[in-house]
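Student: here are the coordinates; sequence isn't available:
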Ligand code: C2E
Ligand code: MG
Ligand code: MG
Ligand code: MG
């Protein structure tokens with residue numbers, strides 16, 4: 001973010017910000033000149049259900065491997081792509097790649113996909129995503145779209161209408177990073193939601209802060225009263241999990257249960273999980 005300080009007529013940029021601006025310019029150039037279809041790919045992070053003791057779905061996370069820039073993280077290029085008008089192109093490419101991967105997974109595993117502000121402000125674009133799901137002959141129920149409060153903030157009524165369209169087609173909607181930034185309870189009331197993801201900034205404080213613990217417990221409790229599934233994001237340590245366990249969370253996503261991984265590794269994890277279930281069933285039959 002370029003912080004500007006108005007002093008008279010003069011706008012001074014902080015040194016760090018000008019470095020960031022240079023990066024943004026290089027990123028924008030490569031968005032224009034790079035071969036995005038080839039360079040963009042997805043990694044997949046498991047969402048684990050402690051009660052069912054299995055992974056129910058994966059979140060697709062964007063990565064960009066560019067010959068000049070190297071590996072670029074989404075926090076660096078998504079914002080630039082939004083400002084320079086490349087975001088829908090990027091979302092489209094990634095979404096098709098995500099669907100191709102999902103097609104290789106068993107029917108009971110879902111995929112969550114992040115949408116940005118510009119994506120959901122455009123009804124036609126969102127409908128084109130639904131078209132891709134149909135073309136891929138996938139059940140919309142296996143897809144979930146993650147949105148953040150910044151994405152819906154500018155026009156809540158429009159976002160809400162567009163998201164309702166996705167939801168009435170059978171897709172699920174998750175509110176991402178809840179509790180960070182300007183997240184408001186109004187979103188829980190106004191948006192058509194299935195799921196809320198509690199931001200990692202709370203989770204990481206839980207072991208040392210009773211206040212954070214109570215906040216997470218309260219949001220978790222509220223979600224269950226509102227019939228929303230709740231995800232604890234960014235659980236990294238056994239210590240965090242030990243404290244969070246007593247909340248009986250619906251889902252956990254974090255390094256403790258799995259880092260973002262390649263499609264191949266995700267398929268392996270799914271296969272291992274099915275094998276474990278099969279082993280368990282055999283043992284059950286044998287002992288019965
Ligand atoms: P997010 O949607 O909240 O995704 C979670 C981020 O937290 C991911 O970072 C993930 O790698 C990281 N994470 C997961 N578990 C842990 C943990 O235990 N500890 C720590 N420290 N981090 C953890 P990533 O992949 O760098 O993505 C950053 C953000 O970029 C995402 O936050 C999302 O807002 C955005 N993003 C990612 N992919 C896409 C995309 O395809 N489209 C759009 N519009 N945005 C995307
Ligand atoms: Mg997300
Ligand atoms: Mg998040
Ligand atoms: Mg985030």
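Tutor: That came through, no problem. What you see is a predicted model, and the numbers here were worked out from it, not measured in a lab. Ligands and ions are numbered 1, 2, ... in the order given.
Student: up against ligand 3, what does this structure have?
Tutor: 176-177, 233 (Cβ under 5 Å from the ion). Where C-beta positions appear, they are placed from N, C-alpha and C, glycine not excepted.
Student: looking at those, which is nearest residue 48?
Tutor: Nearest to residue 48, judged by Cβ to Cβ, of these is residue 233 at 11.9 Å.
Student: thinking again about what came up before, would JSON lines of the residues of the chain next to ligand 3 with distance to residue 142 be doable?
Tutor: Shown next, in JSON lines, are those (distance: Cβ to Cβ, whole Å):
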{"residue": "176", "distance to residue 142": "19"}
{"residue": "177", "distance to residue 142": "23"}
{"residue": "233", "distance to residue 142": "21"}
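Student: out of those, which touch ligand 2?
Tutor: Among the residues of the chain next to ligand 3, the residues within reach of ligand 2 (Cβ under 5 Å from the ion) are residue 176.
Student: mind listing which of the residues of the chain next to ligand 3 are in helices?
Tutor: Using DSSP state H, no member of those falls in helices.
Student: can you lay out the residues of the chain next to ligand 3 as a markdown table showing neighbour count, distance to ligand 1 and pLDDT?
Tutor: Compiled in a markdown table, those are given as follows (neighbours: other Cβ atoms under 10 Å; distance: Cβ to the nearest ligand atom, whole Å; pLDDT from 0 to 100):
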| residue | neighbour count | distance to ligand 1 | pLDDT |
| --- | --- | --- | --- |
| 176 | 24 | 5 | 95 |
| 177 | 19 | 5 | 93 |
| 233 | 24 | 6 | 97 |
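Student: for residue 196, state which of the residues of the chain next to ligand 3 is nearest.
Tutor: Nearest to residue 196, judged by Cβ to Cβ, of the residues of the chain next to ligand 3 is residue 176 at 8.7 Å.
Student: nearest the geometric middle of this structure, what residue?
Tutor: residue 114 (4.7 Å; Cα atoms, centre = their mean).
Student: please name the nearest non-neighbouring residue to that one.
Tutor: residue 146 (4.7 Å; Cβ to Cβ, 6 or more residues apart in numbering).
Student: residue 62 too?
Tutor: Leaving out its chain neighbours, the residue that sits closest to residue 62 by Cβ to Cβ, 6+ apart is residue 74, at 4.5 Å.
Student: looks to me like the residue nearest to residue 114 is in a helix.
Tutor: No. Residue 146 is assigned strand when assessed by DSSP: H, G, I helix; E, B strand; the rest coil, not a helix.
Student: I figured it hits residue 194, correct?
Tutor: No. Judged on Cβ atoms under 8 Å, residue 146 makes no contact with residue 194 at a distance of 10.7 Å.
Student: these two: who's more crowded?
Tutor: Legend: neighbour count by other Cβ atoms under 10 Å for residue 146 and residue 194, higher for residue 146 (20 against 15).
Student: quick one, what contacts the more buried one?
Tutor: By Cβ atoms under 8 Å, 6 or more residues apart in numbering, the residues touching residue 146 are 59, 112-115, 174-176, 197.
Student: and what of residue 261?
Tutor: With Cβ under 8 Å, 6+ apart, residue 261 has these contacts: 43-45, 269.
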